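Student: curious how this folds, go ahead:
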Amino acid sequence: MRPLPVSSDIPTIFPDSPPESRSHSPSTKAAATSVSTVQGNPLSYSPPHLDTFKWFDNVLFELNSVFLSSPDGSEVDKRTKGIRYDVITSLAWSKFEKGLITVEDCQAQISAKLDFSEAEVADAVDSAMLWRISPEMLALAMELRSTHSIYAVGNLPQPVFDRLKTLHEPLDLFNDIFISSNLNERLPHPAILKKALNAADLDPERTLYIGSHIDNVITARSFGFYGITCGDPLECIAHALQLCREPIAKAKAWLKSEAGKLDLETSLGITVKDAYMQYCILDATDDKSLIYYDPDQRLFSWYYGPIPSGLKEFPPDVDCNSLAYSVFDHLDDGARQGVMDQMLQYVDSEGILQGYLSDDKVRVDILMCVNGLALFNEYGRGHQLAATEEWIFKVLDTRAFRDGTHYYPSPDVFLYYVSRLLRKAPNLRQRFGPVLRDCVLERMEADGDALALASRLIAAARCGVRNDRNMERLLALQREDGSWEAGVVYQFTRVSGVAWHQGLTVSLAVLAIEEWDYLRRG
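Tutor: Residues are numbered from 1 along each chain as shown. Below you'll find the model as predicted:
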């Protein structure tokens, strides 16, 4: 998709309809950027849940110094090291690689231009053609072949390519190979990639480009490829596998294996069966089999089951009841309306929702207000919380949330719940949407754990903002078992502690991939 200028003044971004499908020929696609924006209103619809996910359909290997390496220890190379650079940067060598002159003409033209003997030039040309297949990159290509279409491109004179073809099997791995001597163009000039794209009918945005030099990678990125520069082979292989692996199936398998055991861990050394996190997981996954809950409960509080030793009791709260009455389909509307009536009894002097449905614990947390307003809007009673709505807008507009809230330390988690509010409240999108979009754009380069990154990506995608770099960061944090390290979700001010929840982190990571992918597909 074509990245649009990043601006806070895009009036068409919030109509209540999904973005129209758009297609571009490879040659007209705009350059891929780490942040891109789209028209349409992703806040008005939810993406389907995915069983599998693949960022790239294709991988394009650069041949020179990636799939192929030169034997730097050879005797010929040692003798010609001093002049080889002058040879391979000459105009004659460029013509030779482009298939415009023979090797004999190349040597003659270089000898005429440079102050070297014919024998020295001949040795240097021979040295520059001594490419061999990298066993590490061959193994990578063989692994990716089962899940991706793989291609190769490079600056190779025809004699070198003819010699490599005699090896048969390694080059047979590729769906197609594009070399400079066949296309009469060479890297880093854009024309060679333009011809390769047209020949293979590749979608650059669905293609990972593994390049040897930054100038070649820049050219690839200008077409819309996701380009990475290959330095250390092992690091390059790890990076490529990280980008090409299938994260959702593994993550969902991990969630299934931990179903009913997705508890809250605290820095106090206490494990908590946190009911609210269960409702948040259900909201993100639509999978009730993952969580524990009491089907007979009608008024909800933080704990599921007995209160853990060392912790105090909490009364019913706005978070738990707002999420529960939104996500559970077995709760009748009479009970829901009754709880909402009860919430209205616990507001401050200006009509702002308090966090607890009790006079014994008075607390106002802006994120709890967001969840309460979402429930009231979802069931047609948002007008009853006008003061709460106004305060949420002020907090968003002034960036007062930038250091987190009383209970929730992550500003990205706050923005995620605001994006959820706008999914539930179409009437608020016109006012809140542009401000939320600016907020997520401002946080694109911020630090954060996996929970923060996932929350940020979801909020951004729902505002029509796609951030590939943050997605790459999130995928890099996935563990071998399919999970992500638990992110910090709560802070306890009274005892100076924090709590983290792996189940919520993994659930939101999966949702982030789904939202990002849906936005990418347009």
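
Student: look up how far Val59 lies from Met137.
Tutor: 11 Å (Cβ to Cβ, to the nearest Å). (C-beta placed from N, C-alpha, C; glycine too.)

Student: now do the strands in this protein.
Tutor: Counting by DSSP state E, one finds strands in the chain at the ranges 35-37, 58-62, 68-69, 132-133, 149-154, 176-179, 207-211, 226-229, 264-266, 271-272, 465-467, 487-492, 497-501.

Student: need those in CSV with distance to Lys252, can you?
Tutor: Output for these, formatted as CSV (distance: least, Cβ to Cβ, whole Å):
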stretch, distance to Lys252
strand 35-37, 27
strand 58-62, 25
strand 68-69, 39
strand 132-133, 37
strand 149-154, 25
strand 176-179, 34
strand 207-211, 24
strand 226-229, 24
strand 264-266, 21
strand 271-272, 23
strand 465-467, 23
strand 487-492, 18
strand 497-501, 17
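
Student: in terms of mean pLDDT, which of those ranks lowest?
Tutor: In terms of mean pLDDT, the lowest-scoring of those is strand 35-37 (a mean of 67).

Student: hmm, back to that, and the strands of the chain as JSON lines, adding distance to Glu235 and mean neighbour count?
Tutor: Listed next are the strands of the chain as JSON lines, based on distance: least, Cβ to Cβ, whole Å; neighbours: other Cβ atoms under 10 Å:
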{"stretch": "strand 35-37", "distance to Glu235": "25", "mean neighbour count": "20"}
{"stretch": "strand 58-62", "distance to Glu235": "16", "mean neighbour count": "24"}
{"stretch": "strand 68-69", "distance to Glu235": "15", "mean neighbour count": "20"}
{"stretch": "strand 132-133", "distance to Glu235": "19", "mean neighbour count": "14"}
{"stretch": "strand 149-154", "distance to Glu235": "20", "mean neighbour count": "23"}
{"stretch": "strand 176-179", "distance to Glu235": "25", "mean neighbour count": "20"}
{"stretch": "strand 207-211", "distance to Glu235": "12", "mean neighbour count": "26"}
{"stretch": "strand 226-229", "distance to Glu235": "10", "mean neighbour count": "20"}
{"stretch": "strand 264-266", "distance to Glu235": "32", "mean neighbour count": "20"}
{"stretch": "strand 271-272", "distance to Glu235": "37", "mean neighbour count": "16"}
{"stretch": "strand 465-467", "distance to Glu235": "23", "mean neighbour count": "25"}
{"stretch": "strand 487-492", "distance to Glu235": "26", "mean neighbour count": "21"}
{"stretch": "strand 497-501", "distance to Glu235": "29", "mean neighbour count": "19"}
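
Student: output the below-cut-off pLDDT ranges for the stretch 151-300 of the chain.
Tutor: Along the stretch 151-300 of the chain, the parts satisfying pLDDT under 70 run over 168.

Student: can you give me the helices in the stretch 201-350 of the chain?
Tutor: Counting by DSSP state H, counting those that start in this stretch, the stretch 201-350 of the chain has helices at residues 214-222, 233-244, 247-257, 275-285, 318-327, 333-343.

Student: from Leu373, how far out is the closest residue in space to Ser358 that isn't next to it in sequence?
Tutor: Counting by Cβ to Cβ, 6 or more residues apart in numbering, Ser358 lies nearest to Pro315, which is 3.6 Å off, once chain neighbours are set aside. Using Cβ to Cβ, Pro315 is found at 20 Å from Leu373.

Student: looking at those two, which one has more neighbours?
Tutor: Leu373 (27 against 15; other Cβ atoms under 10 Å).

Student: looks like that one contacts Leu422 (just checking).
Tutor: No. Between Leu373 and Leu422 there is no contact under Cβ atoms under 8 Å: 10.4 Å.

Student: can you get me a residue count around the closest residue to Leu477 other than its chain neighbours?
Tutor: Spatial nearest neighbour of Leu477, excluding adjacent residues (Cβ to Cβ, 6+ apart): Ala450 at 4.8 Å. Per other Cβ under 10 Å, the neighbour tally for Ala450 reads 24.

Student: Ala450 touches Ser507, doesn't it?
Tutor: No. Contact criterion Cβ under 8 Å: Ala450 and Ser507 do not qualify, at 11.2 Å.
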